[in-house]
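[1] one predicted model, sequence on top.
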Amino acid sequence: MVAPVIGKLRMPNVRRGPLGAGLALVGDAALSADPLFGVGCGWAFQSAEWLAGATAAALRGEESLRVALSRYRKLFGRGLLAHNWTLGDYATGRRMNIPERLLFSAAAYDERVATRFEAFGTRNIDPRRFLPTIVPSVIAAHARHRLGGIATRSPEAPNPQPSA
C-alpha cells in the first residue's frame with residue numbers, strides 16, 4: 001500500500017428532487033446514491049441533458065418555464081427514481097433475499113439471464129421493466145439447470161473440461 005485507505009462510514013443517499021425553490025437541480029444536487037454502483041457522473045450528465053432539452057423552448061420564449069420544468073421533473077422521475085430506489089435498497093447492507101440469490105445464480109450459468117441482468121445493472125433497462133420480466137427467465141434457467149445441467153452459453157464460450 002502506498003497511501004492510507006480513505007473511506008467514509010456514513011454516506012447517506014440523498015434525494016432532494018430535480019426542482020428547488022427557484023432553481024432546477026442536476027446530479028448530486030438533486031439525487032446522490034451509494035457510490036458503489038458508480039452512477040454519480042452518469043446521472044449528473046443525464047439530468048443536465050434532460051434539463052437543457054426540457055427548457056430549451058422556454059428559454060427561446062416559446063413556452064412557459066413552469067411547463068418546461070414540469071417536463072424536466074417527469075423525465076427525471078421516470079429516468080432515475082426507480083434505479084435510485086433499487087440502489088438505496090442494496091445500500092442498507094441487508095442480506096440478499098431469495099429472489100436476488102436466484103437471479104445472481106441463474107446469471108452465473110445462463111447467458112440470457114446474464115445479458116438481461118447486465119442491461120439492468122448498467123441501467124439500460126429500468127427496474128420497472130426488468131423485474132416483472134426476469135422472473136420467468138430465472139425460473140426457466142433454474143429448471144433447465146436442474147433437469148440436466150443445460151446451460152445456455154454462447155457458442156464462443158469455452159466448453160468446460162472435467163479436471164483430472
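    Okay, I see it.

[2] domain map for the protein?
    14-90, 98-148 (automatic domain parsing).

[3] and the shortest one, average pLDDT?
    Yep, that's domain 98-148 we're talking about. For domain 98-148, mean pLDDT rounds to 89.

[4] distance from it to the middle of the chain?
    Taking the mean C-alpha point of domain 98-148 and that of its whole chain, the gap between them comes to 15 Å (Cα atoms, centre = their mean, to the nearest Å).

[5] what do you get for the first one?
    Here domain 14-90 shows a centroid-to-chain-centroid distance of 15 Å under the convention Cα atoms, centre = their mean.

[6] could I get the average pLDDT for that domain?
    Summarised as a single mean, pLDDT over domain 14-90 is 90.

[7] count the residues that sit near Glu63.
    When counting by other Cβ atoms under 10 Å, one arrives at 14 neighbours for Glu63. All C-beta atoms are positioned from the backbone trio N, CA, C, and that covers glycine.

[8] look up the closest residue to it, ignoring the ones flanking it.
    Using Cβ to Cβ, 6 or more residues apart in numbering and skipping the chain neighbours, the partner closest in space to Glu63 is Ala57 (4.7 Å).

[9] go on, Leu75?
    Using Cβ to Cβ, 6+ apart, the nearest residue to Leu75 is Trp50, at 4.4 Å.

[10] pull the residues that contact the helix or strand hosting that neighbour.
    When elements are assigned from DSSP states H and E, Trp50 belongs to helix 40-59. Residues from elsewhere that reach helix 40-59, judged by Cβ atoms under 8 Å, 6 or more residues apart in numbering: 18, 24-28, 30-33, 63-65, 67-69, 71-72, 75-76, 79-80, 123.

[11] convert the C-alpha atoms of it to CSV, please.
    This file holds the C-alpha atoms of helix 40-59, laid out as CSV (Å, rounded to 0.1, in the frame of the first residue of the first chain):
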residue,chain,number,x,y,z
GLY,A,40,-22.9,9.9,-9.9
CYS,A,41,-21.3,11.4,-13.1
GLY,A,42,-23.6,9.5,-15.4
TRP,A,43,-26.7,10.7,-13.6
ALA,A,44,-25.2,14.3,-13.5
PHE,A,45,-24.7,14.3,-17.2
GLN,A,46,-28.1,12.7,-18.0
SER,A,47,-30.1,15.0,-15.7
ALA,A,48,-28.3,18.1,-17.2
GLU,A,49,-29.2,16.9,-20.7
TRP,A,50,-32.8,16.4,-19.7
LEU,A,51,-32.9,19.9,-18.1
ALA,A,52,-31.4,21.5,-21.2
GLY,A,53,-33.8,19.7,-23.5
ALA,A,54,-36.8,20.3,-21.4
THR,A,55,-36.2,24.0,-21.0
ALA,A,56,-34.9,24.9,-24.5
ALA,A,57,-38.2,26.1,-25.8
ALA,A,58,-38.9,28.1,-22.6
LEU,A,59,-35.5,29.8,-22.9
